[in-house]
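Q: Below: sequence and its predicted model.
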Amino acid sequence: MSLRSFFCLFFLSAASASAQVPAAGLQAYYPFNGNANDSTGHALNDGKLFLTNPTPFVTDRSGSGLAANFDGVDDYILIPNKSSFNMPRDSAVIFSWFNASVCGKTITGARDIWDTYELSNTGKRREMWLSATAMKDSLGNSFQQLEAVAIVSNNTDTELMVLPFQVHNDGWHSTGVVWEKPILKLYVDGTWAGTKTASIPDAKMSTNNKTTLFGSDVFTAKQCFCGLIDDLRLYNRVLSDSEMTLLAKEGIERVLLPTKGTQPSFYTVIVKNSLRGNYTPVVMSIPSFSWPPVSIALFTVDGRRVANLFWRMKNAGTAECFLDKSGSILHKGVYILKAFSANGSGVAVPVTLLK
């Protein structure tokens, strides 16, 4: 069965969250509150601004601070090569927030949110970056194709590792790229989004004598990001799943068309095969956590993710939910529909897909 779209009906309410973010192992932190300074106190890590647009800093996602505003043409921030910026070769995390939906111009090709690069003493390249590419699906809906990329080396061989993930909802999204030798991980909006394991032995990541750019690629400084970047953090240790969730909660305050009167205790969800007209109504019982969801996905009963979904507002009380890929083949049977909130909580309900 080719399942082309899902239609999900939600009563949406206001959602907000805040959290104490992890402090242990924080190597550098850039809140971009009018500058590119490292707020951990390492003055040598302060960035140099190459933001040429008229408004280089704008209001951030919380409404109480600022975020760096990149024009997609020639804007970037350079972090000098300093020893205080070094991280272990076997474990590191780069966490950041981005908002590409405010770009306001047509941007083609991959644009780097950040890029860090090192050339080893044997001439082998080590690099890690996160890029976003503006794309459209078969229904004409816009989405961002994220790619977490690592080039690792053991001074004899190098290997390219790529982790893709599609983000369909507009607005702010958090991303965490984790290097835990020999594994590369990607987190999006506080939830695990993929893993890649290096095949070469003793693979190492870039740590010393690095060139680092925010909002552009290292080599050309031309793959410039268009949109907002905020609260970029570097850790010299691997963070747990719960710590990644805490980071994704930090500073979130979103209001999406709150319903009037008493909030419902359940949401009606209709999973529909748009080609055949078959559908299965289910009920999601919602506990007292933040809503709307930051991600929705379909899983097999044994826990394998088979389809990522995205939602968009249809009217004041309704959102539509679609597959992020056209032509995904899902056979009839029982699946698990999971919705994750910004604070890391979630709801899972069984869904029976009809032939």
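A: Thanks, I have it. All values reported here derive from a predicted model rather than from experimental measurement.

Q: okay, CA-based contacts and neighbour counts for the rest of this
A: Fine.

Q: Could you list the low-confidence segments of the stretch 1-150 of the chain?
A: When the per-residue scores of the stretch 1-150 of the chain are filtered using pLDDT under 70, the ranges that remain are 1-20, 82-88, 119-123.

Q: rerun at 90
A: 1-25, 27, 40-45, 53, 59-65, 79-92, 101-110, 116-127, 135-143 (pLDDT under 90).

Q: Break down it into its strands, ranges please.
A: For the stretch 1-150 of the chain, strands defined by DSSP state E, counting those that start in this stretch occupy the ranges 7-8, 15-16, 26-30, 48-50, 57-59, 66-71, 76-79, 91-99, 111-119, 125-136, 142-153.

Q: For the fourth one, could you pull out the residues that count as buried?
A: Judged by neighbour count (16 or more other C-alpha atoms under 10 Å), strand 48-50 contains these buried residues: Leu49.

Q: Against which helices or strands is that strand packed?
A: strand 76-79 (3 or more C-alpha pairs under 8 Å, 6 or more residues apart in numbering; DSSP states H and E).

Q: One more: the third one?
A: On a contact count with 3+ C-alpha pairs under 8 Å, 6+ apart, strand 26-30 meets strand 226-235.

Q: Could the C-alpha coordinates of the next helix or strand after the strand it packs on be exported in PDB?
A: Past strand 226-235, further along toward the C-terminus, the next helix or strand under DSSP states H and E is helix 241-249. Extracted as PDB, the C-alpha positions of helix 241-249 are listed here (Å, rounded to 0.1, in the frame of the first residue of the first chain):
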ATOM      1  CA  ASP A 241      19.100  11.500  26.000                       C
ATOM      2  CA  SER A 242      17.600  13.200  28.900                       C
ATOM      3  CA  GLU A 243      20.100  16.000  28.800                       C
ATOM      4  CA  MET A 244      19.400  16.500  25.100                       C
ATOM      5  CA  THR A 245      15.800  16.800  25.900                       C
ATOM      6  CA  LEU A 246      16.500  19.400  28.600                       C
ATOM      7  CA  LEU A 247      18.400  21.500  26.000                       C
ATOM      8  CA  ALA A 248      15.500  21.200  23.600                       C
ATOM      9  CA  LYS A 249      13.100  22.500  26.300                       C
END
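
Q: Show the average pLDDT along helix 241-249.
A: Helix 241-249 carries an average pLDDT of 85.

Q: now Cys65: how far from Asp231?
A: No Cys there; residue 65 is Gly. Noted for Gly65: a distance of 10 Å to Asp231, by C-alpha to C-alpha, to the nearest Å.

Q: oh, I was asking about Ala198
A: Ala198 sits 29 Å away from Asp231, taking C-alpha to C-alpha as the criterion.

Q: now Asp115
A: Separation of Asp115 from Asp231 (C-alpha to C-alpha): 15 Å.

Q: Equivalent analysis for Glu243, please.
A: Glu243 sits 15 Å away from Asp231 when distances are taken as C-alpha to C-alpha.

Q: Also Ile107?
A: The spacing between Ile107 and Asp231, counted by C-alpha to C-alpha, is 23 Å.

Q: Tell me which of these two has more neighbours.
A: Each of Ile107 and Asp231 has its neighbours counted (other C-alpha atoms under 10 Å); Asp231 has more, 21 against 17.

Q: Does that one touch Pro31 like I think?
A: Yes - taking contact to mean C-alpha atoms under 8 Å, the distance of 4.3 Å between Asp231 and Pro31 places them in contact.
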